[in-house]
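>>> Have a look at this fold, sequence not included:
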């Protein structure tokens, strides 16, 4: 009988690493270190258990960039963006991006803005500016400043509710309806009064990819200003749509072409085609940025004006955003958005042809995605389909319920991004049909399986 001895330390070094048989550190801070190769393999083996980003149709966040862009990112991971005195060209490139975005969004003249970690920080800063400017107007008129409110629909990202809670603003949330998943002027008007610091409208919701009636809300706010004397600004949350509408629907007015639109946020790490995290906040005019929020500081020998919630942060994604702007230009972004839209329409046609699904808002202006739900009775639901797709084929297609008062509606959403080819679309459609056929035979997912399903739209 042959016995095997425990591998020696030399064997481990030569043929593997210690964590092939040892437990990995999970709770206590390690007493000692390990070779760099061991550390790399340990992390890599953990990540091998995760899903593939290219099959994650839930996330709006960019999962692929060109090799040249990745080289720029890698070469600048060590560069602290906030050190403008030491890295003045990086600061200039940020300003170039702000000016380019102001041009893309039809700002009427010179303006200002800021790079952020993403749209969440941009929304916090934009909301603070709305509050500060409202307070200044009220103080100048000798009026109380104790009850600010902000109006937005139930179709917003959760960060808007966070802003209101964190910064003591009443959230006036317009509920959705089972057949109406965006908001318009008739929804907003009852909630606006002299204490309204602003209205937020969404360009490309995370739920169905559509936009609020920005033109209608703008016209309402113009009328309120003329008739009631309340100058209520409109902020457009273009986290997803800000890099889509200018290229797919260039004639649609939603930006600074509308009088009451005073600020816009957009996520560079979504359809701006940059890895996370990078976002942008752009103002219509310099005066729309509340001056009290800008800090003049002397840091490392240079006085800078700063307008951020964060301080130290990396430069890499700012430089990657500028790379994309000069690499693609209007023509390149238009081509990429049209390609994604074409594949989304193909997927929609294939789903509709199955006879199982109802498409949400087809024919309307929409992000390059497909929102859909089961058309009739079945021995399974949308959550079961999401689980079956994940278990069988590794696709991450979220199923979720809509916000109040449409919380009884369950839908699915498949984002069709730059990395999703026509072959991928065809394969996904076949896999969805096969998943439904499997569920017809075996019934819905087990409760333990349901706990693992992606159930939120805000990725």
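Everything's here; your move. Being a predicted model, the structure only gives us computed values, none of them experimental.
>>> going forward, measure contacts between C-alpha atoms and count neighbours the same way
Fine.
>>> pull the longest helix from this protein.
helix 316-353 (DSSP state H).
>>> Buried residues, that helix. List them.
316-325, 333-334, 336-348, 350-351 (16 or more other Cα atoms under 10 Å).
>>> Likewise for stretch 383-398?
Neighbour-count burial for stretch 383-398 [16+ other Cα under 10 Å]: 383, 384, 385, 386, 387, 388, 389, 390, 395, 396, 397, 398.
>>> for stretch 285-300, same thing?
For stretch 285-300, the neighbour count (16+ other Cα under 10 Å) marks 285, 288, 289, 290 as buried.
>>> Now that stretch: average pLDDT?
Stretch 285-300 shows a mean pLDDT of 83.
>>> Other residues contacting that stretch?
By Cα atoms under 8 Å, 6 or more residues apart in numbering, the surrounding residues in contact with stretch 285-300 are 83, 85, 107-112, 129-130, 132-133, 262-263, 283, 303-307.
>>> Determine how far that stretch lies from the middle of the whole chain.
Relative to its chain's centre, stretch 285-300 lies at 26 Å (Cα atoms, centre = their mean, to the nearest Å).
>>> about what we covered before: with pLDDT, secondary structure and distance to residue 427 added, can I get the buried residues of stretch 383-398 in CSV?
Converted to CSV, these look like this (pLDDT from 0 to 100; DSSP: H, G, I helix; E, B strand; the rest coil; distance: Cα to Cα, whole Å):
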residue, pLDDT, secondary structure, distance to residue 427
383, 94, helix, 20
384, 95, helix, 19
385, 96, helix, 15
386, 95, helix, 16
387, 93, helix, 17
388, 94, helix, 15
389, 95, helix, 12
390, 92, helix, 14
395, 95, coil, 11
396, 95, strand, 14
397, 96, coil, 14
398, 95, coil, 17
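>>> could I get those as TSV with distance to residue 206?
Shown next, in TSV, are the buried residues of stretch 383-398 (distance: Cα to Cα, whole Å):
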residue	distance to residue 206
383	18
384	21
385	20
386	17
387	20
388	23
389	21
390	21
395	19
396	15
397	13
398	11
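>>> how much space between the closest residue to residue 189 other than its chain neighbours and residue 213?
Computed as Cα to Cα, 6 or more residues apart in numbering, the closest residue to residue 189 that is not its neighbour in sequence is residue 220, at 7.3 Å. Residue 220 sits 11 Å away from residue 213 when distances are taken as Cα to Cα, to the nearest Å.
>>> Looking at these two now, which is surrounded by more residues?
Ranked by neighbour count (other Cα atoms under 10 Å), residue 220 and residue 213 place residue 220 first, with 19 against 16.
>>> sec struct for that one, please.
For residue 220, the assignment made with DSSP: H, G, I helix; E, B strand; the rest coil gives helix.
>>> And it, what's its pLDDT?
Residue 220 carries a pLDDT value of 98.
>>> Wait, it touches residue 185, no?
Yes. If you go by Cα atoms under 8 Å, residue 220 and residue 185 touch, sitting 6.0 Å apart.
>>> just checking, what packs against the longest helix of the chain?
Where contact means 3 or more Cα pairs under 8 Å, 6 or more residues apart in numbering; DSSP states H and E, helix 316-353 is packed against helix 67-75, helix 88-104, helix 245-248, strand 357-359, strand 369-374, helix 422-442.
>>> Next, the buried residues of the last one.
For helix 422-442, the buried set under the neighbour-count rule, 16+ other Cα under 10 Å, comprises 422, 424, 425, 428, 429, 431, 432, 433, 434, 435, 436, 439.
>>> Any chance of CSV for the buried residues of stretch 285-300, columns distance to residue 246?
Shown next, in CSV, are these (distance: Cα to Cα, whole Å):
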residue, distance to residue 246
285, 20
288, 22
289, 24
290, 27
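>>> Is it possible to get JSON lines of those residues that adds secondary structure and distance to residue 193?
Formatted as JSON lines, the buried residues of stretch 285-300 follow (DSSP: H, G, I helix; E, B strand; the rest coil; distance: Cα to Cα, whole Å):
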{"residue": "285", "secondary structure": "coil", "distance to residue 193": "24"}
{"residue": "288", "secondary structure": "helix", "distance to residue 193": "20"}
{"residue": "289", "secondary structure": "coil", "distance to residue 193": "22"}
{"residue": "290", "secondary structure": "coil", "distance to residue 193": "21"}
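>>> Now for those: which two are most distant?
Maximum pairwise distance among the buried residues of stretch 285-300 (Cα to Cα): 10.8 Å, between 285 and 290.
>>> give me the element residue 282 is part of.
Element membership of residue 282 [criterion: DSSP states H and E] is strand 279-283.
>>> counting contacts, what elements does that strand pack onto?
Where contact means 3+ Cα pairs under 8 Å, 6+ apart, strand 279-283 is packed against helix 88-104, strand 113-116, helix 119-140, strand 261-267.
>>> Turn the ones you listed into JSON lines, columns for mean neighbour count.
JSON lines is the format used below for the helices and strands packed on strand 279-283 (neighbours: other Cα atoms under 10 Å):
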{"stretch": "helix 88-104", "mean neighbour count": "18"}
{"stretch": "strand 113-116", "mean neighbour count": "24"}
{"stretch": "helix 119-140", "mean neighbour count": "21"}
{"stretch": "strand 261-267", "mean neighbour count": "29"}
